[in-house]
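Student: Pasting the sequence and the predicted coordinates here, then a few questions.
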Amino acid sequence: MNDLVNKESGESHSSNVVKLRLIRSRFTFDESEEFPIFNGWYDPTNKYWNGWCNPYFDKPTRDCFISYQKSLIENGTSLSYDDDEYMEGLYSIESQVIDGKELYYFGGFFCWSEV
């Protein structure tokens, strides 16, 4: 984590602290009616990527989503071409502090829909 230092005051600010006004919602994938629904948030100024939602999840929801993805790999129903690289990518998503909450951004590469 990088620190930003205000040159005038000398205050240090974490670069992972983001000021946004997020809206609570629920998200799922469009491709499957059986796909679970995940609670999260979205930034109304950046709600969509290619028409798909850009959700943020807290750590328990992030962990639940990653566990679900891992179960798809274990039972042979994963759509990933490289399961190890895919899982590494999920685990590498760093948290950001937004609105006082530690959140993980899962938009921009998944086809999420708001429910």
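Tutor: Yep, that arrived.
Student: what pLDDT does residue 114 get?
Tutor: pLDDT, residue 114: 93.
Student: contacts for the longest helix along the chain?
Tutor: The residue-count maximum for a helix in the chain (DSSP state H) belongs to helix 59-74. Contact with helix 59-74 is made by 36, 38-40, 57, 78-80, 83, 86-87, 90-91, 93, 95, 102, 104, 106, as judged by Cβ atoms under 8 Å, 6 or more residues apart in numbering. Just so you know, the C-beta spots here come from the backbone N, C-alpha and C atoms, and that holds for glycine as well.
Student: Repeat the analysis, applying 6 Å as the threshold.
Tutor: Helix 59-74 has contacts (Cβ atoms under 6 Å, 6 or more residues apart in numbering) with 38, 39, 78, 83, 90, 104.
Student: Pretty sure residue 40 sits in a strand.
Tutor: Yes. Residue 40: assigned to a strand according to DSSP: H, G, I helix; E, B strand; the rest coil.
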